[in-house]
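*Asks:* here's my sequence, what's the structure:
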Amino acid sequence: MSHSSVNNTAADRLLYPPEEAARRLGISRRTLYQLLRDGKLRSVRVEKRARRIPNSALLEYVDALISAEANR
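*Replies:* Take a look at the predicted model:
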């Protein structure tokens, strides 16, 4: 299968706009921006004003939540 024939689903994406990242995590946009401010979720700037959240950052955040829960 050639790369061009692969459908780009949400799981295939590398970067998400904040609204979509929040939706994927099941949290509000406000909560997502708080996580960014607190340094609990990484993001990158792709244009002068466009902020994106890497898929890897979403996975790291969820792993941190799971680890914190396991250590209770």
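*Asks:* low pLDDT regions in the chain?
*Replies:* Counting by pLDDT under 70, the chain has low-confidence residues at 1-11.
*Asks:* all helices of it, in order?
*Replies:* Taking DSSP state H as the criterion, the chain carries its helices at 18-25, 29-37, 55-70.
*Asks:* right, so those helices: which one is the most enclosed?
*Replies:* helix 18-25 (a mean of 17; mean count of other C-beta atoms under 10 Å). The C-beta positions use only the backbone N, C-alpha and C, and glycine is treated the same way.
*Asks:* so what's the most centrally placed residue in the chain up against?
*Replies:* Taking C-alpha atoms, centre = their mean, the centroid of the chain lies closest to L58, which sits 3.6 Å from it. L58 sits next to Y16, A21, R24, L25, L41 when contact means C-beta atoms under 8 Å, 6 or more residues apart in numbering.
*Asks:* quick check, nearest of those residues to E47?
*Replies:* Y16 (14.7 Å; C-beta to C-beta).
*Asks:* so which bits of the biggest strand by length in the chain are buried?
*Replies:* Using DSSP state E, we find that the single longest strand of the chain is strand 51-54. Under the neighbour-count criterion of 16 or more other C-beta atoms under 10 Å, strand 51-54 has R52, I53, P54 buried.
*Asks:* next one: stretch 37-51
*Replies:* L41, S43.
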